[in-house]
Every structure is written in C-alpha cells, then in structure tokens.
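Colleague: predicted model follows, preceded by the sequence.
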Amino acid sequence: MEINMETAKSDLAIFTEGNPANKAIVFIHGFPYEHTMWDKQIDELKYRYYCVAYDIRGLGDSPIGDGQYTIESFVDDLEMIVHELNLLKPVLCGLSMGGYIALRAVERNESNYSGLILCDTRSSADTDEGKIKRAENIKKINTLGVKQFVNDFVPHCFSVKSITDSNEEYTKVLNKSLNSNAIGVKGCLLAMAGRTDTTNYLSKIRIPSLLLCGEDDHLTPPDVMELMAEQILNSQFEIVPNAGHMSPIENASFVNSKIKKFLSRIS
Ligand code: MLT
C-alpha cells in the first residue's frame with residue numbers, strides 16, 4: 001500500500017490515507033511493531049474514512065529520543081496528532097499497547113473521540129509477575145541484543161496456524177520488528193510496566209466501542225476482553241477466528257467486516 005507521509009510538528013512519523021473531510025480513524029499499533037500492521041484495514045477503509053496511522057515514539061520511523069516514555073507521554077503524542085491534523089472527534093483503533101494508549105486517552109478526555117475499537121488488549125495494569133517479565137526482557141536486550149528479544153517475542157503474538165499458513169506475511173512482520181531500536185523497545189517495555197489500570201473507567205465509557213480478540217490470543221485472551229466488554233455500556237465483543245494476538249493481520253477480512261459495520265453506526 002502506498003501511504004503518504006505527512007510532516008507534523010509533533011516530529012512523529014504520521015501516515016494518512018483518504019479524504020480529510022471524512023470521519024477520521026486513528027490507528028495505534030502494538031508492540032514491538034509499527035504502523036504497517038494496519039495496512040489491510042486502511043486499504044479497505046480509506047475510501048470512506050480519513051485513515052491516520054503513526055509510529056509510536058521509539059518504534060518504526062518515529063524518533064527514539066532518550067527512551068524515557070510513559071503511556072501518559074504516548075497519549076500526549078496522540079493528542080498532539082489529533083490537534084495538528086485537526087481531527088474532529090476521531091474514532092480510536094488500538095491493538096494491545098495501542099489499546100492501552102487508546103483506553104487511557106479516552107479516560108483522560110472521552111469527549112474528544114466518537115468511538116473506540118480495541119483489538120487484543122486489556123485494561124488492567126501489569127501484575128508483579130508481568131513487571132518482573134518486563135525487567136527480564138530489558139536484561140535480555142542488554143545482554144543478548146534486541147534481535148534476540150524480538151525473535152523470542154514475536155512468535156507468541158501469532159497463532160501457530162498463521163505462522164505456518166501465512167509464513168511470508170509473518171516473516172515480513174518479524175523482519176520489520178527485528179529492525180527495532182533497543183532504546184526504543186526498552187522504553188516501551190518500561191512505559192507498559194508503569195501504566196495505570198483503566199478498568200474502573202470501563203463502566204463510564206459512553207462512546208460506542210467494539211472489542212475484537214483473536215481466538216488463539218494467549219497474551220490478551222478472549223475471556224479477558226469479554227469481561228471488559230461486559231463492563232462497557234455501549235459495546236460489542238467479537239472473537240476473531242483463525243487468529244492469535246495480531247488479529248487485524250491474521251484475519252483481516254473478518255476484522256474489516258466487523259469494523260465497517262461498527263463504523264457505519266457512528267456519526
Ligand atoms: C503488544 O502487542 O502491544 C504487547 O504484547 C503488549 C504487552 O506486552 O503488554
């Protein structure tokens with residue numbers, strides 16, 4: 001997919017497709033990936049929506065800086081993009097870490113957004129066990145390098161079926177991730193370890209919300225997301241067949257059909 005890069009004052013790598021006069025959707029990718037994970041969604045949605053994707057600071061083509069990130073600073077970046085591109089009440093669509101950012105952005109200022117799409121994510125903060133795992137992964141990057149970490153981590157994000165049946169696509173995603181910068185990746189791990197818990201806000205969400213989760217997602221399993229959906233008033237929960245944690249890539253046709261139907265209800 002050909003995407004036009006815009007130069008925003010925020011200094012992040014931002015990519016847009018479609019007519020800016022249309023309803024905007026902001027796509028927030030997962031860790032340790034970058035904006036192209038949404039290509040299959042944007043390819044279909046760009047005809048009716050203004051699609052905005054960007055690389056989270058520290059990943060993809062966005063600046064690394066000092067690697068001192070927080071989910072709060074990631075939300076600041078998102079708000080800066082919404083402001084600079086003059087997006088009027090966009091829909092947020094986030095996967096996993098992108099979902100942590102989207103949920104916190106909605107908790108911070110829900111009136112800025114008209115809808116929420118959460119893919120393969122959770123509202124709870126890291127447990128102590130989870131924080132220790134993050135620390136172990138930082139140690140692994142320091143001792144064995146970021147490529148070793150990525151090679152160990154990425155296979156857990158896809159279903160076994162996707163890795164075997166769509167190996168070319170899987171390898172493409174893996175190779176992009178292998179190019180990640182160690183400081184950026186470690187910064188994201190620390191940001192995720194330090195994030196707040198947004199569970200208490202779920203029952204306060206009033207914007208329409210769609211929750212999608214791969215049936216074979218072991219990182220943020222379907223039962224976790226179903227419980228989230230039960231707490232969100234105006235929500236819809238869908239299990240994505242034949243997919244792990246990267247459901248928008250692994251079963252794009254199913255995900256796209258659910259997203260299109262959901263968006264058609266949002267003014
Ligand atoms: C992601 O896909 O963004 C990560 O798996 C999230 C996490 O490690 O918590």
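Modeller: Done, it's in. Numbers count the residues shown, from 1 in each chain.
Colleague: separation between H83 and the ligand?
Modeller: Distance from H83 to the ligand, counting by C-beta to the nearest ligand atom, to the nearest Å: 24 Å. C-beta coordinates here come from the backbone N, C-alpha and C atoms, glycine included.
Colleague: and the helix or strand where that residue lies, average pLDDT?
Modeller: Per DSSP states H and E: H83 is located in helix 71-84. In this model, helix 71-84 has a mean pLDDT of 98.
Colleague: buried stuff in that helix?
Modeller: Buried positions in helix 71-84, judged by neighbour count with 16 or more other C-beta atoms under 10 Å: 71, 74-75, 77-78, 80-82.
Colleague: ok, stretch 111-119 next?
Modeller: Neighbour count says stretch 111-119 has 112-119 buried, by 16+ other C-beta under 10 Å.
Colleague: thinking again about what came up before, what residues does the helix holding H83 touch?
Modeller: 8-10, 12, 14, 26, 28, 52, 54, 56-57, 87, 90, 92, 100-102, 104-105, 108-109, 112, 191-192, 194-196 (C-beta atoms under 8 Å, 6 or more residues apart in numbering).
Colleague: now, those that are in strands?
Modeller: Those of these mapping onto strands are 14, 26, 28, 52, 54, 92, per DSSP state E.
Colleague: ok, so of those, who is nearest the ligand?
Modeller: Nearest to the ligand out of these is I28 (C-beta to the nearest ligand atom; 9.6 Å).
Colleague: pull the number of nearby residues for the closest one.
Modeller: Applying other C-beta atoms under 10 Å, we find 30 residues neighbouring I28.
Colleague: same thing with T198?
Modeller: Neighbour count for T198, taken as other C-beta under 10 Å: 23.
Colleague: quick one, grab the pLDDT at the closest residue to S162 other than its chain neighbours.
Modeller: Of all residues not flanking S162 in the chain, E250 sits nearest, at 4.6 Å (C-beta to C-beta, 6 or more residues apart in numbering). Per-residue confidence (pLDDT) for E250: 98.
Colleague: I'd say E250 and P241 touch.
Modeller: No - counting by C-beta atoms under 8 Å, E250 sits too far from P241 to count as a contact (9.6 Å).
Colleague: between those two, tell me which one has more neighbours.
Modeller: Just comparing E250 and P241: by other C-beta under 10 Å the higher neighbour count belongs to E250, 29 against 12.
Colleague: ramachandran angles for that one?
Modeller: Phi and psi for E250, reported as degrees, to the nearest 10, are phi -70, psi -30.
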